[in-house]
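Student: Just to be clear, the model below is a prediction. Sequence and coordinates:
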Amino acid sequence: MNEILEAIKTRRSCRSFKPDMVPQELIDQVCEAGTYAATGMNRQSPLIIAVKDKALRDKLAVMNAAFMGKGPEFDPFYGAPVVLIVLADKSAPTHVYDGSLVMGNLMLAAHAVGLGSCWIHRAFEEFQTAKCQEILQELGIEGEYEGIGHCIIGYDAGEPRQAPPRKEGYVRQIGE
């Protein structure tokens with residue numbers, strides 16, 4: 001079977017990570033794959049922020065957990081050492097779709113290089129806060145961005161999981 005089709009079928013979300021830091025080379029490969037996602041009219045509206053700094057990662061985790069109604073001891077990033085934040089320029093009418101396609105590429109690329117990944121939501125809520133706007137300013141990021149998602153990556157601490165069977169009627173064929 002084609003390698004890409006096999007990766008699509010075998011990638012699963014990881015919710016238990018080893019604490020080992022991911023080598024920069026692999027982070028770069030995953031991020032580069034994200035930059036090749038399709039975007040409306042090739043505007044390339046998304047922005048990927050690779051967070052390896054533990055203090056910033058933990059600060060984001062606390063904010064994310066709060067939006068879930070959880071306390072600061074809960075880690076919504078499941079111990080992943082790297083958080084790839086995907087934001088998208090609000091001025092692009094397709095920014096949410098563009099950022100979502102980037103997230104898909106990031107997760108598939110992580111799988112292709114032997115890493116676990118998971119899409120963690122609540123980036124939208126986080127990046128509407130003054131705290132996250134300050135973080136963007138400190139990072140020198142200007143513009144009006146919307147949080148799309150966090151792609152957490154690292155080494156899977158669990159066993160590989162099989163995909164459940166696909167539901168009946170998932171695909172409908174029309175015509176000959």
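Tutor: Okay, I see it.

Student: The top helix by length along the chain - what's its average pLDDT?
Tutor: With secondary structure taken from DSSP state H, the chain has its longest helix at helix 95-112. Mean pLDDT, helix 95-112: 98.

Student: helices or strands next to that helix in the packing?
Tutor: Contacts defined by 3 or more CB pairs under 8 Å, 6 or more residues apart in numbering; DSSP states H and E place helix 95-112 against helix 3-10, helix 24-35, strand 46-51, strand 82-89, strand 116-120, strand 145-154. In this view, the C-beta of every residue, glycine as well, is placed from N, C-alpha and C.

Student: Asp89 reaches Thr39, doesn't it?
Tutor: No. Counting by CB atoms under 8 Å, Asp89 stays clear of Thr39, with 10.0 Å between them.

Student: Quick check: neighbours shared by those two?
Tutor: Counting by CB atoms under 8 Å, 6 or more residues apart in numbering, the contacts common to Asp89 and Thr39 are Ser45, Pro46.

Student: More neighbours: those two, which one.
Tutor: Thr39 (21 against 18; other CB atoms under 10 Å).

Student: Kindly present the helices and strands packed on helix 95-112 as a markdown table, with separate columns for distance to Ile135 and mean pLDDT.
Tutor: As requested, the helices and strands packed on helix 95-112 are exported to a markdown table (distance: least, CB to CB, whole Å; pLDDT from 0 to 100):
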| stretch | distance to Ile135 | mean pLDDT |
| --- | --- | --- |
| helix 3-10 | 32 | 93 |
| helix 24-35 | 18 | 98 |
| strand 46-51 | 9 | 98 |
| strand 82-89 | 9 | 98 |
| strand 116-120 | 17 | 98 |
| strand 145-154 | 11 | 98 |
